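Everything below, folded, please.
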Amino acid sequence: MTTRSRGFAGRLLSVALTLAVVSTAPVFARSEGSDATTKAPKSRSFGLRHPLPFRYGERLTYDVKFSRFPISANVGELTFVVGAANGSDEHIKFEVNAVSRGALASLFGVKINDTFTTLADRNDLFIYSSIKVLHENDVRSFEEALFDRNAAKVRFNVRNPAAPSDVGTSIEQPTRPWVQDVVSALYFARTRKLKNAGREVRFPISDRGQTYDVGVALIGKEKIEVEGRKYDTLRVDARIFGGRFVRRDGELHIWFTDDSKRIPVKAVMKSPKGTATFVLTSVVEGDREITETKKRQSAIEVDE
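Have a look, this model is predicted:
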């Protein structure tokens with residue numbers, strides 16, 4: 001399977017806050033389905049307390065700034081939306097749109113309009129499908145991952161939507177009976193209590209047909225100011241670097257509101273290439289709670 005190289009600024013804009021870096025193959029750590037020799041950890045189940053901390057109709061918008069001495073500039077905007085799935089009351093639809101703004105478009109000539117859509121189980125956020133529609137300058141790509149929960153497999157397909165005759169490339173790989181993707185991982189992190197500083201909540205994510213083990217851990221409580229508004233927050237370390245998901249070293253910290261909603265109000269990602277900062281600029285909290293659709297038949301392990 002071939003992979004498409006993308007510019008660093010585009011990768012930051014599209015994916016950094018969704019806990020991943022979509023890039024060329026050498027960036028990623030080894031995963032299930034690769035030539036890794038270490039045995040993958042057993043999959044665990046997580047209990048989600050309902051109603052979930054986010055609602056149908058929630059819309060969060062972020063400004064994205066990139067800095068690397070001596071440059072510091074606004075480069076884009078990210079919008080996260082929680083919606084109901086068409087024709088099904090059993091699922092949640094998460095959608096992220098990444099659009100280039102400011103210096104990225106005017107100075108560097110990079111035009112991005114990427115959309116990431118995830119269909120997840122309403123009860124435990126297991127993902128059934130993960131779709132990326134990537135439109136960057138004149139390059140387009142459609143990526144789709146479909147998950148078979150019973151067989152613990154994922155089928156990944158990538159194709160060029162601008163070429164109708166292109167049937168694309170498809171692979172099937174083993175994954176876990178419960179797995180997240182780079183979009184749902186942020187929402188899953190919001191469901192955790194994160195009471196104990198330093199204690200890591202580890203879970204699997206799938207990207208481009210491969211499965212990786214990442215984690216989140218509470219650093220501590222902080223009072224911060226974002227866009228002129230003060231928040232009591234939980235500062236969380238997203239552990240994706242150093243061979244977990246991304247081979248190179250780096251840091252990704254997210255500040256969640258210290259309340260039942262766990263809204264991410266700020267994130268900072270540092271890497272050898274520079275620093276990307278994401279700040280919340282707009283919140284629509286949604287109008288309908290997301291509750292369980294059925295009674296659990298067996299006890300599900302709850303971390304913390």
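
So what does residue 184 have for phi and psi?
phi -60, psi -20 (degrees, to the nearest 10).

how many neighbours does it have?
25 (other C-beta atoms under 10 Å). (Glycine included, C-beta is placed from N, CA and C.)

Give me the neighbour count for the residue nearest to residue 192 when sequence neighbours are not counted.
Residue nearest to residue 192 in three dimensions, not counting chain neighbours: residue 201, with 5.3 Å by C-beta to C-beta, 6 or more residues apart in numbering. Residue 201 is flanked by 21 other residues according to other C-beta under 10 Å.

Ramachandran angles for residue 201?
Residue torsions, per degrees, to the nearest 10, at residue 201 are phi -100, psi 110.

Kindly state the beta-bridge partners for it.
Counting by DSSP bridges, residue 201 is bridged to residue 216.

all helices for the chain, in order.
With DSSP state H as the criterion, the chain has helices at 8-15, 102-106, 184-190.

Distance from the chain centre to the last one, please.
Computed by C-alpha atoms, centre = their mean, to the nearest Å, the separation of helix 184-190 from the middle of its chain amounts to 7 Å.

quick one: the residue nearest to residue 192 and residue 193 touch, right?
No: the pair residue 201 / residue 193 is not scored as a contact, 9.3 Å apart, by C-beta atoms under 8 Å.

separation between the residue nearest to residue 54 when sequence neighbours are not counted and residue 259?
On the basis of C-beta to C-beta, 6+ apart, the spatially nearest residue to residue 54 that is not a chain neighbour turns out to be residue 82, at 5.2 Å. According to C-beta to C-beta, to the nearest Å, residue 82 stands 17 Å off from residue 259.

you'd agree residue 287 is up against residue 54?
No: the pair residue 287 / residue 54 is not scored as a contact, 11.8 Å apart, by C-beta under 8 Å.

Those two - which one has more neighbours?
residue 54 (22 against 9).

residue contacts, that one?
Listed by C-beta atoms under 8 Å, 6 or more residues apart in numbering, the contact partners of residue 54 are 82, 187, 190, 261, 286, 290.

Ignoring the adjacent residues along the chain, who's closest to residue 56?
Once flanking residues are discounted, residue 56 sits nearest to residue 288: 4.3 Å by C-beta to C-beta, 6+ apart.

neighbours around that neighbour, how many?
Residue 288: 12 neighbours (other C-beta under 10 Å).

Could you check how far it is from residue 83?
10 Å.

Overlap of the contact sets of those two?
In contact with both residue 288 and residue 83: 56-57, using C-beta under 8 Å, 6+ apart.

hang on, residue 224 packs against residue 267?
No: between residue 224 and residue 267 there is no contact under C-beta under 8 Å: 11.6 Å.

neighbour count winner among those two?
The neighbour comparison of residue 224 against residue 267 (other C-beta under 10 Å) goes to residue 267, with 25 against 13.

any idea how far residue 189 is from the more buried one?
Separation of residue 267 from residue 189 (C-beta to C-beta): 11 Å.

again, but for residue 237
Taking C-beta to C-beta, one finds residue 237 at 11 Å from residue 189.

shared neighbours of these two, which are they?
residue 216.

These two: who's more crowded?
The residue with more neighbours, out of residue 237 and residue 189, is residue 189; 22 against 16, by other C-beta under 10 Å.

where among the helices of the chain is the average confidence lowest?
The weakest mean pLDDT among these belongs to helix 8-15, with a mean of 43.

what sits against the nearest residue to residue 172 once chain neighbours are set aside?
Using C-beta to C-beta, 6+ apart and skipping residues adjacent in sequence, the residue nearest residue 172 is residue 155, 4.8 Å away. If you count contacts by C-beta under 8 Å, 6+ apart, residue 155 has them with 145-146, 148, 170-172, 209.

and these as JSON lines, adding distance to residue 137 and pLDDT?
Below are those laid out as JSON lines (distance: C-beta to C-beta, whole Å; pLDDT from 0 to 100):
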{"residue": "145", "distance to residue 137": "24", "pLDDT": "98"}
{"residue": "146", "distance to residue 137": "28", "pLDDT": "98"}
{"residue": "148", "distance to residue 137": "35", "pLDDT": "97"}
{"residue": "170", "distance to residue 137": "26", "pLDDT": "96"}
{"residue": "171", "distance to residue 137": "27", "pLDDT": "96"}
{"residue": "172", "distance to residue 137": "31", "pLDDT": "97"}
{"residue": "209", "distance to residue 137": "25", "pLDDT": "95"}
